[in-house]
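1. Got a sequence here, can you build the structure:
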Amino acid sequence: MHSSTRRILLAAGALLALPALAQNYPDKPITFIVPFAAGSATDQLARALGQAVTTETKQSVVVENKPGANAFIGAQAAAKAPKDGYTVLITTNTTHAANEHLFKTLPYDPVKDFEPVTLLSKGGQILVVNNDLPVKSVQDLVKLAKAQPGKLSFGYGSSSSRIAGELFKQMTGSYIVGIPYRSNPPAVTDLIGGQIHFMITDMATGLPQAKAGKVKALAVSTSKRTPLAPELPTISEAGVKGYDMGFWFAAYVPAGTPAPVVARLNEILVKANRQQSVANFYAQNGFETLASTPEELRKFQAGESDKWKKIIGAAGIQKE
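-> Here you go, the predicted model:
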């Protein structure tokens with residue numbers, strides 16, 4: 001047989017095998033890589049979603065936390081994983097819309113290195129302060145920050161948290177020092193201990209600590225109040241007019257993963273994302289359940305990248 005004919009037949013055979021590959025998928029455990037620490041909102045979501053996927057597919061899901069380096073470590077590990085649909089990055093706008101505008105170089109490409117699978121959820125953040133800080137409102141915090149320029153600090157363990165704090169500084173005209181952490185949970189631990197003064201963090205991380213009395217909650221970051229704590233004003237209502245900052249979760253696989261596998265994984269994740277156990281997690285944390293096709297996520301991500309570029313530019317943040 002002529003070599004070129006043989007190559008054509010092999011290629012045709014490989015194409016015919018792809019639908020069968022998708023039909024059998026998954027036939028072994030799936031790994032969810034989370035680029036943030038255990039206990040973070042993304043980690044909690046990945047574990048709830050993983051249990052739902054196991055219920056749907058009868059295959060176990062292993063959650064691997066790879067925090068640190070501004071979520072570079074987890075994103076890079078996911079980008080370099082086998083292109084077979086068995087390694088899924090459960091992530092946020094930090095890795096796929098914000099980092100490219102915060103850093104001069106990334107060890108991964110948020111567009112070229114990944115195949116989008118589906119949007120999962122949107123959420124808001126909460127402004128919490130150390131219990132010993134002599135403030136009872138957002139306006140009190142602004143007055144204190146202006147009276148003591150450079151003396152107050154805010155912590156952040158994600159780009160969403162960082163930009164929320166930077167935008168607060170920019171819109172209030174105050175000088176506050178930002179302190180980076182590997183993830184939001186350790187930042188909250190230092191907030192409770194008094195090493196930092198406040199932070200704007202995801203509801204899943206901050207609200208339980210506020211309800212337990214370990215920190216004081218002053219406001220929420222979104223344009224509307226949260227039903228989880230309706231007594232809390234929005235930051236905009238509390239005097240920083242026009243302030244609005246949220247974040248989103250999505251699933252990605254390495255670029256080059258076969259399209260039929262991506263399509264099958266999309267079906268699995270969309271269905272799992274609607275299971276009652278996952279819906280309960282979203283409701284408990286004030287998140288909105290979402291779903292999308294891979295192409296819809298691709299377009300959404302592009303729009304979000306443009307949005308975050310403008311926010312970061314308005315906050316006057318220089319690329320590191």
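2. can we go C-alpha only for contacts and neighbour counts from here?
-> Will do.
3. mind showing which ranges of the stretch 101-250 of the chain have poor pLDDT?
-> In the prediction, the stretch 101-250 of the chain carries no residues with pLDDT under 70.
4. Let me see the ranges of the helices in it.
-> Ranges of helices in the stretch 101-250 of the chain, per DSSP state H, counting those that start in this stretch, are 138-147, 159-172, 184-193, 203-211.
5. Show me what counts as buried in the last one.
-> What that stands for is helix 203-211. 203-207, 209-210 (16 or more other CA atoms under 10 Å).
6. still on that earlier bit, between the helices of the stretch 101-250 of the chain, which one is nearest to Leu45?
-> helix 203-211 (9.5 Å; CA to CA).
7. just the CA coordinates of that closest one, formatted as PDB?
-> The C-alpha coordinates for helix 203-211 follow below in PDB (Å, rounded to 0.1, in the frame of the first residue of the first chain):
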ATOM      1  CA  MET A 203     -18.700  35.200  50.100                       C
ATOM      2  CA  ALA A 204     -17.800  31.500  50.600                       C
ATOM      3  CA  THR A 205     -14.600  32.600  52.400                       C
ATOM      4  CA  GLY A 206     -15.600  35.700  54.200                       C
ATOM      5  CA  LEU A 207     -19.300  35.400  55.100                       C
ATOM      6  CA  PRO A 208     -19.000  32.400  57.400                       C
ATOM      7  CA  GLN A 209     -16.200  34.200  59.400                       C
ATOM      8  CA  ALA A 210     -18.400  37.300  59.700                       C
ATOM      9  CA  LYS A 211     -21.400  35.200  60.900                       C
END
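8. Mind listing residues that contact that helix?
-> Contact with helix 203-211 is made by 39-41, 123-126, 128, 184-185, 188, 215-217, 285-286, as judged by CA atoms under 8 Å, 6 or more residues apart in numbering.
9. Could you tell me the phi and psi values at Val88?
-> Backbone torsions of Val88, given as degrees, to the nearest 10, read phi -120, psi 130.
10. Just to check, it is in contact with Ala46?
-> No: Val88 is not in contact with Ala46 according to CA atoms under 8 Å; the separation is 10.1 Å.
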